[in-house]
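Enquirer: Mind looking at a prediction? Sequence and model below.
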Amino acid sequence: MSLGAHLVELRKRLMYAALALVIGMVIAFLVADPIINFITEPIRIIADRRGDSFSALNFGTITSAFDMRMRIAFSIGLFLSAPVWLWQIWAFIMPGLTRKEVKYTIGFVAAAVPLFFAGCYLGVMIMPHIIELMWSFTPDGGTNLYQAQEYYDFVFKLMIVIGVSFVLPVFLVALNVAGVMSGRAILKGWRVAILIATIFAALATPAADVVSMLMLAGILIVLFFAATGLSMLFDRRKRKRDEASGLAPDLV
């Protein structure tokens, strides 16, 4: 294909992806109320425990409520339309890949997408505990008026950060398949990996919420060792394949 034909193809793929995103945003905007009720449930629990109405979600400007709905619509719409725009990206790059590259790409995407959504789900699950724990440090006589934009940003960023952290082991395997890192090289960094996972879990969760921190750190460590084992398995298969092809052991 010529450069112009590639650009036409790219424009078509982008239009399909944008249309799917818009449809997903419309659907998410219509069902925004249950989503808002779900993410603000910790605030209502805090208000019930205090026995007053001073703990609430605060909309400080005229457009704050609409802005929050649009943010939710974009985020949820992006997730709902993910199968479409991921397919459009894949359909654009697939013709330029070899059969082996296609196989590896499908495997990486098939592993990365569920792990990302699993991380987002875990973020949603620990979010109420984090908010309630932070509320417990409010002194007597204090109030908790949560700004809507900051509250939503906290929930969204928590989901994205934990979701991305779950995908990192897939990138380690990708580096191994590309020949950048061997499985043994990845294994040698297990102490650093455990330290990084613990620090990340401590930053992503409140310092006093030890249970959430240990749960998140444990999952990340298990994913790291799973990626290490898979990389070493790939190295072993590659070594056997090279030996079968007649390469000298020292070259292998």
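Expert: Sure, I can see it.

Enquirer: quick one, helices of the stretch 1-150 of the chain?
Expert: Assigned by DSSP state H, counting those that start in this stretch, the stretch 1-150 of the chain shows helices spanning 3-30, 32-39, 41-50, 64-80, 82-93, 99-135, 148-177.

Enquirer: can you redo those helices as TSV with distance to Ala193, mean pLDDT and mean neighbour count?
Expert: The C-beta positions use only the backbone N, C-alpha and C, and glycine is treated the same way. Compiled in TSV, the helices of the stretch 1-150 of the chain are given as follows (distance: least, C-beta to C-beta, whole Å; pLDDT from 0 to 100; neighbours: other C-beta atoms under 10 Å):
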stretch	distance to Ala193	mean pLDDT	mean neighbour count
helix 3-30	35	88	14
helix 32-39	32	86	14
helix 41-50	32	81	16
helix 64-80	29	87	17
helix 82-93	28	81	15
helix 99-135	16	81	16
helix 148-177	9	84	18
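
Enquirer: quick one, which of these is nearest to Gly218?
Expert: Between Gly218 and those, the shortest gap by C-beta to C-beta is with helix 99-135, which sits at 11.4 Å.

Enquirer: chain center to that closest one: distance?
Expert: Helix 99-135 sits 4 Å away from the centroid of its parent chain (C-alpha atoms, centre = their mean, to the nearest Å).

Enquirer: who does that helix touch, helix- and strand-wise?
Expert: For helix 99-135, the elements it packs on are helix 41-50, helix 82-93, helix 148-177, helix 210-244, judged by 3 or more C-beta pairs under 8 Å, 6 or more residues apart in numbering; DSSP states H and E.

Enquirer: any idea which helix or strand comes after the third one?
Expert: Yep, that's helix 148-177 we're talking about. helix 183-188 (DSSP states H and E).

Enquirer: Can you list the buried residues in stretch 136-146?
Expert: Applying a neighbour-count criterion of 16 or more other C-beta atoms under 10 Å, one finds Asn144, Tyr146 buried in stretch 136-146.

Enquirer: Just the CA atoms of that stretch, as PDB, please.
Expert: Taking Å, rounded to 0.1, in the frame of the first residue of the first chain, the C-alpha atoms of stretch 136-146 are listed here in PDB:
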ATOM      1  CA  SER A 136     -10.900   7.800  60.600                       C
ATOM      2  CA  PHE A 137      -8.100  10.400  61.000                       C
ATOM      3  CA  THR A 138     -10.600  13.300  60.900                       C
ATOM      4  CA  PRO A 139     -10.500  15.000  64.400                       C
ATOM      5  CA  ASP A 140     -13.700  15.500  66.400                       C
ATOM      6  CA  GLY A 141     -15.600  18.500  65.200                       C
ATOM      7  CA  GLY A 142     -14.100  18.300  61.700                       C
ATOM      8  CA  THR A 143     -16.100  17.800  58.500                       C
ATOM      9  CA  ASN A 144     -15.500  15.900  55.300                       C
ATOM     10  CA  LEU A 145     -16.700  17.800  52.300                       C
ATOM     11  CA  TYR A 146     -15.200  15.900  49.300                       C
END
